[in-house]
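Chemist: the following block contains a protein sequence and its predicted model.
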Amino acid sequence: MKLLSQTIKDLEKLSGQLPERIGSDRLDTLNQLAHWIARQPTTHPANVMIICTHNSRRSHLGQIWLQAAAWHCNLAHVQTWSGGTEGTAFYPSAVDALRSQGVDIIASDDSANPIYRVQLQTAHSPFETMSTRYSHPKNPQHGFAAVMVCEEANEACPV
């Protein structure tokens, strides 16, 4: 997890360059999410669901990196989730990319769509993720922020 901590510190150093590296529309969206999180009481979970069409790559990466960033910023009440307009499977190269950055991620079995246990910091309990539809019972059903990470999901998701 030392590598993960270093990666987060490196990203934190780059955060000052965000206005030049991403468009103003995307920066506005990130600011809206940050303000929403800031308005949530710390006594209750601030649930954020990252949604993409197949819930196989971008949504999982978004979920796990957002959780790592939240904990790094001492926002223990932030809980992240991922979902898709359909569930498929967490793509192996995305899992490998997380491992290459120091994320401790283990599949529960060899099934086509296993549950993954993710450990980001020893100070926090591991959490589970798997490819599901956004409305799956394991995901929050109300009172959450939804972040669409692809246009197809944005058009197809009624949330």
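Modeler: The structure has been received and is ready for your questions.
Chemist: in the chain, which spans are strands?
Modeler: Counting by DSSP state E, the chain has strands at residues 46-52, 78-84, 104-107, 116-119, 127-129, 145-148.
Chemist: so for residue 32, which of these sits nearest?
Modeler: strand 145-148 (8.9 Å; C-beta to C-beta). The C-beta positions use only the backbone N, C-alpha and C, and glycine is treated the same way.
Chemist: show me what that closest one is packed against.
Modeler: The helices and strands touching strand 145-148, judged by 3 or more C-beta pairs under 8 Å, 6 or more residues apart in numbering; DSSP states H and E, are helix 24-39, strand 46-52.
Chemist: okay, the strands of the chain in CSV with mean pLDDT, distance to residue 95 and mean neighbour count next?
Modeler: Shown next, in CSV, are these (pLDDT from 0 to 100; distance: least, C-beta to C-beta, whole Å; neighbours: other C-beta atoms under 10 Å):
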stretch, mean pLDDT, distance to residue 95, mean neighbour count
strand 46-52, 97, 15, 24
strand 78-84, 97, 13, 24
strand 104-107, 97, 6, 16
strand 116-119, 98, 7, 17
strand 127-129, 97, 10, 16
strand 145-148, 94, 21, 20
